[in-house]
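Asker: dropping the sequence and predicted coords here.
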Amino acid sequence: MSNDLSELYAQRLHRYVTAMRNGKPDRVPLRPFAAEFTATYSGFTDQQVTHDFNQAFEAVIRTCAGFDWDAAVPNMVYVWTGLTQAANLRYYATPGIDVGPDIAFQYREPEQDNAWMLREEYDELIDDPVGFLYRTWLPRVSADFALGPYRQSLALVKSTWAMANYFNAFGPQVERMRTETGTPSAICGMLKAPLDVLADKFRGYLGLAFDLMEVPEKVEAACRALMPHLAQIALGSLDPARLAPIPIWMHRGCVPFISREHFHSIYWPTLKPIVEAIWARGNQTLFYAEGKWDAHLEAFAELPAGSIIFHLDRSDFRLAHEKLGRRFCLSGGVPNSLLAFGTPQKVKEHCRTLIDTCAGEGGFIMDASAIMQNDATVENVQAMTEFTREYGRYSQIACSGTPPGPPEDRLPAPVWPQGRIPAGACLPWAAKLAELPPISGDAELCRRVWEDVDSLAYLYIWHLVLSF
């Protein structure tokens, strides 16, 4: 890594972190969440970057090298369909197989009466979420489970090793971004709200909508049962340097997808404690607020100052700046439709308005409103990049030194009740110990190794739910 790239990386990281801490760097940082756009720019098809993560990684490297961005996602085409095909998951349409090679992967919403979890199975989920996932949910979402024990075993073994290979490849990819392009990784880890998980992977949106009206007590109990497990995955995947935020992909928890009442009684009480626990560790959460969240900005303002970055999709950026801008960094706000169908001049005019409204005192990061797919034009993304770099300057002195850390006066982490089987375990050691003969050697050694290996099966099933 050359000295020039090393210095560029340090400047970009300092600029990005300063803005996320709601401070004022030398200029407004750029952090576009570029997914299939990287394929468009780099000469790949959607099938290539979706089905072969090595080509997706290469597309990111080429895109980072071609744009002056302060941070990027190592692979925003996150769902690797090589793995979803290995598990034969029913809820994805794969480019080049189920849809055309130049169409992004599609999520298949289940029919209301044939969802991935049936209404009568709420009690099973609430009693033992991990057991439910392995006994009921996985056999239903993996088509190979219907093809006999051999195909079932192949699906499990192949997808487990595929997940390990994929996740282990992210470390070298982040290093390539740093050493070859001087670009920091924008995010780290994975988080979703319990209610979003119910809608995305279990009941489907229509099923959940009816459940909220007809059996709201079951929905609330299920969200509370899921909360310790989603927190376990999130807290275990935080950036140890406390620089990159953990993203939460917020899908269907806002009005009008759910009512204000259900937001305040179910969605927010089962998400807010996780965000507070993350902040207690000194890590920020990026609220990737897909859709319009204007009705809930005051609830978000209850969080400790600096604990989140709020991303602007369809939310009113003026209102968001008024309600949240003094407490949190804002990001995004450039409509994807403008990047796809507008002109470079229109893009620049909108970026000017965003900067003038949201960035005056710092605490703003330029980005598209939503993840950039292959409809964004290179010319418009370049216009957003160049205009922000020139117009969004606060100082002629470049950022340098150690990025600012989080404040030390954070609240203690909240504590929530665990279920019958604690988060982090599939088969707890106590249950395994009851199956073993009396241990004549080091019992603590046996326990530690058992729990370490058992946790791998726990990570596999929850990442299948959250990441794929």
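Answerer: On my side now, so go ahead.
Asker: could you count how many residues lie near residue 457?
Answerer: Residue 457 has 16 neighbours, counted by other CB atoms under 10 Å. From N, CA and C alone the C-beta is placed, and that goes for glycine too.
Asker: grab the nearest non-local neighbour of residue 402.
Answerer: Closest residue in space to residue 402, ignoring its immediate chain neighbours: residue 14 at 7.7 Å, by CB to CB, 6 or more residues apart in numbering.
Asker: can you tell me which residues contact the one you found?
Answerer: Neighbour list for residue 14: 25, 399-403 [criterion: CB atoms under 8 Å, 6 or more residues apart in numbering].
Asker: looking at the helix or strand that contains residue 197 now, give me its mean pLDDT.
Answerer: Assigned by DSSP states H and E, residue 197 falls within helix 194-197. Mean per-residue pLDDT for helix 194-197: 98.
Asker: what's that helix in contact with?
Answerer: For helix 194-197, using CB under 8 Å, 6+ apart, the contacting residues are 208, 219, 222-224, 226-227, 230, 249-253, 258, 262, 266-267, 270-271, 465-466.
Asker: give me that answer again for 6 Å
Answerer: Taking contacts as CB atoms under 6 Å, 6 or more residues apart in numbering, the residues outside helix 194-197 that touch it are 223, 226-227, 251-253, 266-267, 270.
Asker: and of those residues, the nearest to residue 415?
Answerer: residue 227 (11.7 Å; CB to CB).
Asker: check contacts around that closest one.
Answerer: Residue 227 is in contact with 194, 270, counting by CB under 6 Å, 6+ apart.
Asker: rerun that using 8 Å as the cut-off
Answerer: 194, 270, 273-274, 416.
Asker: buried members of the residues you listed into PyMOL, please.
Answerer: Applying 16 or more other CB atoms under 10 Å to the contacts of residue 227 leaves a buried subset, and the PyMOL line that selects it is:
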select buried, resi 194+270+273+274
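Asker: give the buried residues for the biggest helix by length in the chain.
Answerer: Ranked by residue count and defined by DSSP state H, the top helix of the chain is helix 443-466. Residues of helix 443-466 classed as buried under the neighbour-count rule (16+ other CB under 10 Å) are 450-451, 454, 457-466.
Asker: export the residues you listed to JSON lines and tack on distance to residue 46 and pLDDT?
Answerer: Supplementary listing: the buried residues of helix 443-466 in JSON lines, determined by distance: CB to CB, whole Å; pLDDT from 0 to 100:
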{"residue": "450", "distance to residue 46": "43", "pLDDT": "98"}
{"residue": "451", "distance to residue 46": "41", "pLDDT": "97"}
{"residue": "454", "distance to residue 46": "37", "pLDDT": "98"}
{"residue": "457", "distance to residue 46": "32", "pLDDT": "98"}
{"residue": "458", "distance to residue 46": "32", "pLDDT": "98"}
{"residue": "459", "distance to residue 46": "28", "pLDDT": "98"}
{"residue": "460", "distance to residue 46": "27", "pLDDT": "98"}
{"residue": "461", "distance to residue 46": "28", "pLDDT": "98"}
{"residue": "462", "distance to residue 46": "27", "pLDDT": "98"}
{"residue": "463", "distance to residue 46": "23", "pLDDT": "97"}
{"residue": "464", "distance to residue 46": "22", "pLDDT": "97"}
{"residue": "465", "distance to residue 46": "24", "pLDDT": "97"}
{"residue": "466", "distance to residue 46": "23", "pLDDT": "96"}
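Asker: got the CA coordinates for stretch 184-204 in PDB?
Answerer: Output of stretch 184-204 as PDB, limited to C-alpha atoms (Å, rounded to 0.1, in the frame of the first residue of the first chain):
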ATOM      1  CA  PRO A 184     -13.000   2.300   4.200                       C
ATOM      2  CA  SER A 185     -15.700  -0.200   4.700                       C
ATOM      3  CA  ALA A 186     -19.000   1.700   5.400                       C
ATOM      4  CA  ILE A 187     -20.800  -0.800   7.700                       C
ATOM      5  CA  CYS A 188     -20.300  -3.900   9.800                       C
ATOM      6  CA  GLY A 189     -22.700  -6.600  11.100                       C
ATOM      7  CA  MET A 190     -26.400  -7.300  10.700                       C
ATOM      8  CA  LEU A 191     -29.500  -6.200  12.500                       C
ATOM      9  CA  LYS A 192     -33.300  -6.300  11.700                       C
ATOM     10  CA  ALA A 193     -36.200  -5.500  13.900                       C
ATOM     11  CA  PRO A 194     -38.200  -8.400  15.200                       C
ATOM     12  CA  LEU A 195     -41.400  -7.300  13.500                       C
ATOM     13  CA  ASP A 196     -39.600  -7.000  10.200                       C
ATOM     14  CA  VAL A 197     -38.300 -10.500  10.600                       C
ATOM     15  CA  LEU A 198     -41.800 -11.800  11.100                       C
ATOM     16  CA  ALA A 199     -42.900 -10.000   7.900                       C
ATOM     17  CA  ASP A 200     -39.900 -10.800   5.800                       C
ATOM     18  CA  LYS A 201     -39.200 -14.400   6.500                       C
ATOM     19  CA  PHE A 202     -42.100 -16.000   8.500                       C
ATOM     20  CA  ARG A 203     -45.600 -14.700   8.000                       C
ATOM     21  CA  GLY A 204     -45.300 -12.500   4.900                       C
END
